[in-house]
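Undergrad: my questions are about this predicted structure, shown below with the sequence.
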Amino acid sequence: MSTSLFGLRRAAFALACSSALVLSAHALSPATPEPRPTQALLVRGDHLELNGKPFVPVSGELHYARIPREDWRARLKMARAMGLNTIATYVFWNVHEPEAGKFNFSGNADLAEFLREAQQEGLYVMLRVGPYSCAEWEFGGFPAWLLRDPKVGLTLRSDDPAFLVPAERWLTRLGKEVGPLQIGRGGPVIAAQVENEYGNFGGDAVYMEKLHQIFLKAGFTDSLLYTANPSRTIAKGSIPGVFATVNFGISHADVGLDALAALRPGAPLFAAEYWPGWFDHWGEPHQTRTVEPQIADIKYILGRGAGVNIYMFHGGTSFGMMAGSSWIGNKFLPDVTSYDYDAPLDEAGRPTAKFFAYRDAIAKATGVTPPPVPPAPASMAVPAFTLNDSVSLWKGLPKPVVSATPKYMEEIGQSYGFILYRKQLTGPTQGELVLNGLNDYALVYLNGRLLGALDRTDKQDRLTIHSDAAAAQLDILVENSGRINSTREIRHESKGLAGVTLAGKPLEDWSIYSLPMAPDSIIDAPGVPVEAHFAAGVKADNAPAFYRGSFTLNAPKGKPVADTFLDIADIGKGVVWLNGHPLGRVWNVGPQRTLYVPGVWMHAGKNEVVVLDLLHRDHAPKLAGLAEPIIDAPTRRSTAAPDENVGLNGKP
Ligand code: GLA
């Protein structure tokens, strides 16, 4: 590296620090920032310039939807303390438009507030707008209502108006919300990402250019637009004239940056995703990545004058039912609730050994001393407690939709949760029952007795049924385990059932019960929608059932409560709520054995836990809070599926 580039580099990092201070002061003044047209992030030859001076983003990713709003600021302070000058976040469309045309930017979805807090903490922001995200998030961030019209599902991520019209409506609304927070208008957003890893999905340049134009029309004109793609697909996923960046994993920094340099000779280099860890699937071993080669990579990337975004700096949690699923090697693999990611800052916002190694490496490479590391959030144990109240899921069912054939949940206006298909059979019954279009996990009951579980992961969609009775009730309870969030398979991700045959003949006349459990909720649950069930007052003697119990905290009033990790070893498969907050899905196939419970969702006095458990049990479940998480418990399968991106990012 030449001395002049080195000099430029030092200046670039130093500027990050001082301009962050300027932004801080600015952010404290009026609520609406004044227009400051001289502010911009621009490509200048082989480097980026921020407000006229060389700038290298040293960024880390965290998703506001995966962190309770009350904890945003603490996580941002940790980002600064690791030496980051920038953060990146996706904007999940399904968080903000839970129903077509009804937008939500409040509570945990208050993106503008998250951006303001980042600015107040002296951080710039790279906004990964998409509208496709991936991110192990339900349906890659797409709202499930897109699938209400099956045609839209088939045109996702294409220039078909069936997809682009709703996408444009969303981007236009988002532009209104965050447009004023772009750097050119005095905000922290220095860059906005168009699509995501599109090169992995397709190569339709017309679609990409149309999307680009929609961004401009929506007002994303005061920050730097960019695309992000893995090394091997950058060309396919980039847009002429739009800044291109590259994603890669450990020990691929040279390959990744070389690929980008070949595509855009002489342009600034930026690693839009550098993966310090990885995510977990239910039933597969917990993923970790050692830090040593990462430190060498960081040194290499920054030494080459390239910017970097560590994906994830802090993974957080896919609360509620928002974890997505993978499609790897023709196999459906739902993701666990924890998105710890083996990231530098752990799921509970505590700095790990990896955090300190990164902090040190970044300080060395940039010559900038980061602020001191704030104290880690406290965690506590909660003594074991039993969920003594129970009520069968079959009690308090809502009014059914009556239909000749089974319908997918999207067709009846449902996005998440469970769906029950009930049919009265007459006469002795014998034959193979086949569930068509089962995209997840189903439990089949005859006269209330469980016949078996069918799991898409294991390619199961049928079982034999037999009944001599003159009449029998067939119940098929289907879980939406999380829509696939990447690959072309997302175009077929309707949930529930498309049809059922018995001994080769279609079964007709169904009652369909929609059981979304938490209609609009990601984190801001309106309460657990099970009161109707408990009101029925019948104690459950078997699963599927809701179980309710509580624990009491003696914390002094007004004092923050520490985090805990709920040990759910005693639960089969289902969902857990705490004080109305949907903590997430659980399943006894490992590797996740505890659920993260943010202290901000608990209080002094009584705290209520509700569990929906689908699987058989003969006793009331017993839970406890642990002071440390267990996300690496033994699993059903002993080997993990290969990284989705290995084929795309591995060395040629
Ligand atoms: C890709 C995607 C991300 C995420 C990672 C894996 O790089 O762009 O959204 O899915 O893979 O964690």
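TA: That came in fine, so what should we check first? Numbering: from 1, shown residues only.
Undergrad: first to last residue in stretch 369-381, what's the distance?
TA: Stretch 369-381 has an end-to-end distance of 36 Å (Cα to Cα, to the nearest Å).
Undergrad: buried residues, that stretch. List them.
TA: By neighbour count with 16 or more other Cβ atoms under 10 Å, stretch 369-381 contains the buried residues 370, 376-377, 379-380. The way it works is simple: take the backbone N, C-alpha and C, and place the C-beta from them, glycine included.
Undergrad: and the residue in the stretch 1-150 of the chain that the ligand sits nearest to, what is it in contact with?
TA: Per Cβ to the nearest ligand atom, Cys134 is where the stretch 1-150 of the chain lies closest to the ligand, at 3.3 Å. Cys134 is in contact with 140-141, 196-197, 485-486, counting by Cβ atoms under 8 Å, 6 or more residues apart in numbering.
Undergrad: one more time with 10 Å
TA: 90, 128, 140-141, 196-197, 200-201, 273, 324, 485-487, 490, 644 (Cβ atoms under 10 Å, 6 or more residues apart in numbering).
Undergrad: Met380 now?
TA: For Met380, the contact set (Cβ under 10 Å, 6+ apart) comprises 553, 555, 561-565, 597, 599, 602, 625-627.
Undergrad: low-confidence ranges, the chain, go.
TA: Low-confidence segments of the chain (pLDDT under 70): 1-37, 518-539, 616, 638-639, 641-652.
Undergrad: so which residues on it come close to the ligand?
TA: The chain comes close to the ligand at residues 134-136, 196-197, 247, 273, 279, 645, as judged by Cβ under 6 Å from any ligand atom.
Undergrad: return the member of these nearest to Lys399.
TA: Closest approach to Lys399 among the residues of the chain next to the ligand (Cβ to Cβ): Glu136, at 34.7 Å.
Undergrad: can you verify my assumption that that closest one contacts Asn485?
TA: Yes. Glu136 lies in contact with Asn485 (Cβ atoms under 10 Å); the separation is 6.0 Å.
Undergrad: what sits in contact with each of these two?
TA: Counting by Cβ under 10 Å, 6+ apart, the shared contacts of Glu136 and Asn485 are 323-326, 335, 644.
Undergrad: and those residues, which is closest to Val444?
TA: Set against Val444, the nearest of the shared contacts of Glu136 and Asn485 by Cβ to Cβ is Ser325 (21.3 Å).
Undergrad: so the closest one bridges to which residues?
TA: Using DSSP bridges, the beta-bridge partners of Ser325 come out as Pro334, Ile484.
Undergrad: quick check: it vs Ser481, distance?
TA: Going from Ser325 to Ser481 by Cβ to Cβ, to the nearest Å gives 6 Å.
Undergrad: before we move on, the earlier item: which among the contacts of Met380 end up buried?
TA: Neighbour counting with 16+ other Cβ under 10 Å marks 553, 555, 561-565, 597, 599, 602, 625-626 as buried within these.
Undergrad: the residue of the stretch 1-150 of the chain closest to the ligand in helix, strand or coil?
TA: What DSSP: H, G, I helix; E, B strand; the rest coil gives for Cys134 is coil.
Undergrad: ramachandran angles for it?
TA: Phi and psi for Cys134, reported as degrees, to the nearest 10, are phi 80, psi -110.
Undergrad: residues in contact with whichever residue of the stretch 401-550 of the chain sits closest to the ligand?
TA: Of the stretch 401-550 of the chain, the residue with the smallest distance to the ligand, taken as Cβ to the nearest ligand atom, is Ser486 at 6.3 Å. Shown in contact with Ser486 (Cβ under 10 Å, 6+ apart): 132-136, 140, 196-197, 200-201, 324-328, 644-645.
Undergrad: next: Pro428.
TA: 466-470, 472.
Undergrad: recalculate using a threshold of 8 Å.
TA: Listed by Cβ under 8 Å, 6+ apart, the contact set of Pro428 reads 467-470.
Undergrad: do Thr86 as well
TA: Here Thr86 is in contact with 16, 57-60, 123-126, 190, 309 (criterion: Cβ under 8 Å, 6+ apart).
Undergrad: narrow these to those that are buried.
TA: Taking 16+ other Cβ under 10 Å as the criterion, what is buried in those is 16, 57-60, 123-126, 190, 309.
Undergrad: which among the residues you listed gets closest to Leu614?
TA: Within the buried ones among the contacts of Thr86, proximity to Leu614 (Cβ to Cβ) peaks at Gly60, which comes in at 37.1 Å.
Undergrad: can you tell me the strand partners of the host helix or strand of the closest one and which way each runs?
TA: Per DSSP states H and E, Gly60 falls inside strand 58-61. Applying DSSP bridges, strand 58-61 is found paired with strand 86-90 (parallel), strand 307-310 (parallel).
Undergrad: give me the phi and psi for Trp72.
TA: For Trp72, the backbone dihedrals are phi -50, psi -50 (criterion: degrees, to the nearest 10).
Undergrad: quick one: neighbours of Lys151, just the number.
TA: 10 (other Cβ atoms under 10 Å).
Undergrad: no no, His492
TA: His492: 14 neighbours (other Cβ under 10 Å).
Undergrad: now do the same contact list for it.
TA: Residues near His492 by Cβ under 8 Å, 6+ apart: 153, 439.
Undergrad: and the gap between it and Gly199?
TA: 21 Å.
Undergrad: same thing with Tyr513?
TA: Distance, Tyr513 to Gly199, by Cβ to Cβ: 42 Å.
Undergrad: tell me which residue of the stretch 301-450 of the chain lies closest to the ligand.
TA: Per Cβ to the nearest ligand atom, Tyr311 is where the stretch 301-450 of the chain lies closest to the ligand, at 6.4 Å.
Undergrad: so that residue sits right up against Tyr90, yeah?
TA: No. Judged on Cβ atoms under 8 Å, Tyr311 makes no contact with Tyr90 at a distance of 9.9 Å.
Undergrad: beta-bridge partners for the spatially most central residue of the chain, please?
TA: In the chain, the C-alpha nearest the mean C-alpha coordinate belongs to Trp137, at 3.1 Å (Cα atoms, centre = their mean). Counting by DSSP bridges, Trp137 is bridged to Ala323.
Undergrad: isn't Thr172 up against Leu216?
TA: No. With contact defined as Cβ under 8 Å, Thr172 and Leu216 do not form a contacting pair (11.4 Å).
Undergrad: which stretches of the stretch 501-650 of the chain form helices?
TA: 531-535, 646-649 (DSSP state H, counting those that start in this stretch).
Undergrad: and what of the chain?
TA: All helices of the chain, identified by DSSP state H, fall at 3-28, 72-81, 93-96, 111-120, 150-154, 161-178, 205-217, 234-237, 253-263, 292-303, 353-366, 531-535, 646-649.
Undergrad: hang on, the earlier thing: overlap in contacts of Ser325 and Ser481?
TA: Shared contacts of Ser325 and Ser481, counting by Cβ under 8 Å, 6+ apart, come down to Pro334.
Undergrad: with adjacent residues omitted, what lies nearest to the residue of the chain most remote from its centre?
TA: Using Cα atoms, centre = their mean, the residue of the chain lying farthest from its centre is Ala470. It sits 47.8 Å away. Nearest non-adjacent residue to Ala470, counting by Cβ to Cβ, 6 or more residues apart in numbering: Gly427, 6.4 Å away.
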